[in-house]
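K.L.:
Please find the sequence and the predicted model below.
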Amino acid sequence: MTTVKKTFLLALLVAASAAQSQNLRIVPARLDTTVPTPKTIQFLCTQNYNQQQCVEDATTLRQALAHYPLRRLGAWSFVLVPADDWKALVRGQGGDPVSPAFSMLDQRVTLLDRSLFVASAGRNKEFLQRFGLIGAPLIDLAVTHEMGHGICQNKDERRADDYGKALRNSVFLDYSETPGQKPNNVTNDVPIDAPNATLQ
């Protein structure tokens, strides 16, 4: 990761956590380099994330993302945040603290709650009540929804839901003709219904 991008992400997370008593600093996840991943994709953890848990959770995340067209995101960072820091961080951004992931499109970053990978009983209850999912299915829902935001470069939740569902069904939607959207070289465009579970 370039020093400029790392400094920018650090500044972003410091600003996002201004309401918290500590600043969130990021470090690269030290993943197995023999597993193919586009060079434009970065996996990071906040500095206070346990190092071994960072590697384990980032590996799980990378495995969940492996089925999807990551190259369409271009330069993108996935940042894992400890569960203890999550809700204050999301509230500081005016988001829904129950949601386990959110993206900042202009910074090309998706932040994810560690509870996606290892959740407390209370957090699992929240996930089940809101999304009807926990564990690997919720990780899949979260990453495809956030990829919908990232690939479409659009904050619209319905569009991200639709794109995420299409990804989970191995269909790539083309939003290149939508006003304000960038072409993304996709191959299919099919109508789909909104999924039952949605993220914000």
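P.N.:
That came through fine.

K.L.:
Regarding the chain, what is its longest helix?
P.N.:
helix 136-152 (DSSP state H).

K.L.:
any idea of the mean pLDDT for it?
P.N.:
Summarised as a single mean, pLDDT over helix 136-152 is 95.

K.L.:
Repeat that for stretch 65-80.
P.N.:
The pLDDT scores in stretch 65-80 average 94.

K.L.:
buried ones in that stretch?
P.N.:
65, 68, 69, 70, 72, 73, 76, 77, 78, 79, 80 (16 or more other C-beta atoms under 10 Å). All C-beta spots, glycine's among them, are computed from the backbone N, C-alpha and C.

K.L.:
So which of those residues belong to helices?
P.N.:
The subset of the buried residues of stretch 65-80 located in helices under the criterion DSSP H comprises residue 65.

K.L.:
coming back round to it: now do the longest helix of the chain: which elements does it pack against?
P.N.:
Contact here means 3 or more C-beta pairs under 8 Å, 6 or more residues apart in numbering; DSSP states H and E; on that basis helix 136-152 packs against helix 51-65, strand 101-104, strand 109-113, helix 121-131, helix 157-168.

K.L.:
quick revisit: what's the closest of the buried residues of stretch 65-80 to residue 110?
P.N.:
Residue 110 has its nearest neighbour among these in residue 78, at 5.2 Å by C-beta to C-beta.

K.L.:
one step back: now distance to residue 54 too, for the buried residues of stretch 65-80, in CSV please.
P.N.:
Converted to CSV, the buried residues of stretch 65-80 look like this (distance: C-beta to C-beta, whole Å):
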residue, distance to residue 54
65, 16
68, 22
69, 25
70, 19
72, 26
73, 21
76, 18
77, 14
78, 12
79, 11
80, 6
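
K.L.:
and of the buried residues of stretch 65-80, the nearest to residue 56?
P.N.:
The closest of the buried residues of stretch 65-80, once distances to residue 56 are taken by C-beta to C-beta, is residue 80, at 10.2 Å.

K.L.:
Looking at the helices and strands packed on helix 136-152, spot the one closest to residue 87.
P.N.:
Closest of the helices and strands packed on helix 136-152 to residue 87 is strand 109-113, at 8.5 Å (criterion: C-beta to C-beta).

K.L.:
can you give me the angle the closest one makes with helix 136-152?
P.N.:
Direction vectors for strand 109-113 and helix 136-152, defined by axes from the mean of the first three to the mean of the last three C-alpha atoms, to 10 degrees, enclose an angle of 160 degrees.

K.L.:
partners of strand 109-113, with directions?
P.N.:
When pairing is defined by DSSP bridges, strand 109-113 lines up against strand 76-81 (parallel), strand 101-104 (antiparallel).

K.L.:
nearest to residue 114, of those?
P.N.:
Residue 114 lies closest, by C-beta to C-beta, to one member of the strands paired with strand 109-113: strand 76-81, at 6.1 Å.

K.L.:
Name the surrounding residues that touch that closest one.
P.N.:
1, 5, 9, 13, 24, 26, 29, 40-46, 49, 54, 57-58, 61, 65, 70, 89, 108-114, 150 (C-beta atoms under 8 Å, 6 or more residues apart in numbering).
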